[in-house]
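1. sequence-free structure coming up:
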């Protein structure tokens, strides 16, 4: 193979997707036009926990343009509600209704669907539905909800505790007893909304002749939704097709199975007309799965040298009203406990987690899942310890991060870290930002009375998870494999078909890069097909930083298989030994000669020009391969974030002075895309740390149902982020890629919490609750000043 | 149903005469009545900026503007910019700098950028960021969008910053 072959993997290739989006001709679900379309509007619960006494739909149904008004009773025979089970011990599942039947369990739960000739008319009529509720007891505080006698959300479970799990390794209590130091606290990470800018939209078409259903959906997981609809609608899988066209962001919020999704399907089948629901933002902020939301009590023990001895933690996750399908309610809080020991050497660990149902929007996966919280807590403990021991926080991390010679390292929760640049990321971030100089700058700023802080966060994450480990513990599906088909058709064009569903990650480009390099064609020669359940027999989609690793791996093995056949065919057609055939840039040639042919010529010779190949050869040539890839365990991605902030003494706003991320995501496919993923992830982490919070009052009313109240950061609040890529050692998965879609969001809240704490260290303030909004900061600072005055008095 | 009102307006250089309900939003007029689905709706309450279009040269939220207000108006949407095989300098800069990921907020970002480039010197990144602060993007973290605008400003100034 010639070294002159251009390397496509690793190249800053401009994205294939961009022109259509830039010209306004992308095709998002809501852009699809079909004749005879009906529109759905929901009447949702405005009570958090209440019995439905009566529903009066007469007036709504009588309005012109209204085709049907549907309640739970009307769809009983059309849809089977999903029962969300888990193989996890100590788990109590929930049955998730499509429309609330006897009672409602959160504000925003759909109760009545109005189907009309236009969205305007459907919304008008939905206002006219009369629902009488009988309010039941409040179930909003997760700690109160598991007290004896608390009102029950799911009576048949006889408890609001959905799941409980504990990990233990080593002699934790003994280590604490013998420790020179310990630090601890109660940490709170508030609830978030994923807030993709495109709201959820579903359009179902039912072909009565073929008795088949097509759902166009804003989903990250079309294959998974197909599998689920086949069950809940009782249809064979080949009669159900789920297509995710262009999808405007997901971040986990479009990775679960939704009531609205199956309802439009059931209605299209029943009414014989296409049916669409387009969410508005208010609905999105109460009905799309939400993220994070945990209370964590944690304690870290250290020896006199600052070596970490033991960690113990108790996590209470507020998981909302239902266990979400297919991930279950454990997806978020259990990950907190699994990842809490972080990238550190820690022999003794005990973690307990309880997932508690409350009368709030169901919790689901949101970018980072669990790890933003585990990293926040662990990294805060590290900084608290550094302060207690009077050791520099970077130095304390360096002493405790797993070293190169210790991989693979089994963490206290049982996770296994493979070789990744734990120490290298810390060192690179330190040197890139000029850490030592910054500390001097800080001393000067502090002397001048400024609130100037430096925050570090180191973490590791498991990405590209294979079949050995469930993406969510005990869930009922396999997320550890992906399949790719690479095909050269009779015109010589290459199509690569996947089960993943890109929704902003640029997989049409990065997977084309992988296929092009492995097959020997140009990026523009490869058409990537994704986001269609018909593409592969099984494929679960794009989430959990898996697509580069799993689909990239499947693309590699499939393309290599096809390349073998291209070479074999070419060796006959060009009359040369297979070893002398070179395939590059879409041209097949014999090394050292001018004999060459294009893919078009090769395809024509194989498929169309009968007799060009001897029959026994032709029968062995397959210009198409479908291969599954399973990384089995998964890969370890690691990173260190360092940020410098200053707090405005007038507004209590946190202003960024610097931000750097050093990360090891293995072999990079496209640096333009990787940088963008880091920037975007950090921006969401900044939102989580400083601005974003879903607020419920004590009765469960939502106080943040618009973008005025739920604050997503704008360009004015987000700093430039410097990104340093390290590739310490290639992981042994095919392709050598590590996942990196979520890391920015995992590291940022912790780094910012540490920077803000560092800025306010002169006041003795430790940040234990996020988001640290100006109001929270104001209160903390006022209280600290009062305490100082009291002490001085 | 409400009575309709006749409006005559120009959209992307094409004149249209339509009867519209007084409550019909400009965004829905563009998307549903004219089939110009490049303009997207992200919040329908005037915060996210995805629906931004130009009205007589000024950026406006098409989710907060009624079509019935627009008799005699000139509207420009993302479809008025370069086509897929002939992107204009702004679109090309967005592509080169990775200023879009899912592409949903992009039409609004582009239309806001046009307004900013027409009216302000955009001498600093802070000024660009302030100008873009009415448009939410959940994917990019904005940095590449700022880079793209910076590049356009520079190129339009003949290479000087």
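-> Structure's in. What do you need? Nothing here was measured: the structure is a model prediction, and the numbers come from that model.
2. Every contact and neighbour count from this point should use C-alpha atoms.
-> Noted.
3. what residue is smack in the middle of chain B?
-> Centroid-nearest residue in chain B, with C-alpha atoms, centre = their mean: residue B:111, separated by 2.7 Å.
4. what about the closest residue to chain B within the stretch 551-700 of chain A, distance to residue A:374?
-> Of all residues in the stretch 551-700 of chain A, residue A:680 sits closest to chain B, at 4.1 Å by C-alpha to the nearest C-alpha. Computed as C-alpha to C-alpha, to the nearest Å, the residue A:680 to residue A:374 distance reads 20 Å.
5. go on, residue A:578?
-> Relative to residue A:374, residue A:578 is positioned 53 Å away (C-alpha to C-alpha).
6. and those two? which has more neighbours close in?
-> residue A:374 (27 against 17; other C-alpha atoms under 10 Å in any protein chain shown).
7. Next, that one: secondary structure please.
-> helix (DSSP: H, G, I helix; E, B strand; the rest coil).
8. Now do the contacts for it.
-> Neighbouring residues of residue A:374 by C-alpha atoms under 8 Å, 6 or more residues apart in numbering or on different chains: A:336, A:337, A:339, A:340, A:341, A:342.
9. any idea which of the residues you listed is closest to residue A:370?
-> Proximity to residue A:370 was ranked across those by C-alpha to C-alpha; first place goes to residue A:336, at 4.4 Å.
10. count of residues packed around the closest one?
-> Residue A:336: 30 surrounding residues under other C-alpha under 10 Å.
11. centroid residue for chain A?
-> The residue lying closest to the centre of chain A (C-alpha atoms, centre = their mean) is residue A:367, at 3.7 Å.
12. Please tell me how far that one sits from residue A:684.
-> Going from residue A:367 to residue A:684 by C-alpha to C-alpha gives 8 Å.
13. Am I right that residue A:429 is in contact with residue A:643?
-> No. Checked against C-alpha atoms under 8 Å, the pair residue A:429 and residue A:643 is beyond contact range at 9.8 Å.
14. Now the common contact residues for the two.
-> residue A:660.
15. ok, residue B:20 touching residue B:8?
-> No. Residue B:20 is beyond contact range of residue B:8, at 10.4 Å (criterion: C-alpha under 8 Å).
16. of the two, who's got more company?
-> residue B:20 (19 against 16).
17. the domain parsing of chain B - what is it?
-> What automatic domain parsing lists as the domains of chain B is B:5-80, B:89-156.
18. For residue A:298, which of those domains is the nearest?
-> Smallest distance to residue A:298 across the domains of chain B (C-alpha to C-alpha): 31.6 Å, for domain B:89-156.
19. what's the offset of that closest one from the middle of its chain?
-> Chain-centre distance of domain B:89-156: 11 Å, with C-alpha atoms, centre = their mean, to the nearest Å.
20. now swap in stretch A:501-510 and tell me
-> Using C-alpha atoms, centre = their mean, the offset of stretch A:501-510 from its chain centre is 14 Å.
21. next one: stretch A:662-675
-> Centroid separation for stretch A:662-675 versus its chain: 17 Å, with C-alpha atoms, centre = their mean.
22. what's the span of that stretch from first residue to last?
-> With C-alpha to C-alpha as the measure, stretch A:662-675 spans 11 Å from end to end.
23. buried stuff in it?
-> For stretch A:662-675, the neighbour count (16 or more other C-alpha atoms under 10 Å in any protein chain shown) marks A:662-675 as buried.
24. among the residues you listed, which are in helices?
-> Counting by DSSP state H, the part of the buried residues of stretch A:662-675 found in helices is A:671, A:672, A:673, A:674, A:675.
25. Name the SS class of residue A:503, please.
-> Quick answer, by three-state DSSP: residue A:503 is coil.
26. okay, residue A:413: pLDDT?
-> Per-residue pLDDT puts residue A:413 at 88.
27. Same check on the one 10 residues further on?
-> The model reports residue A:423 with a pLDDT of 97.
28. Thank you kindly, that will do.
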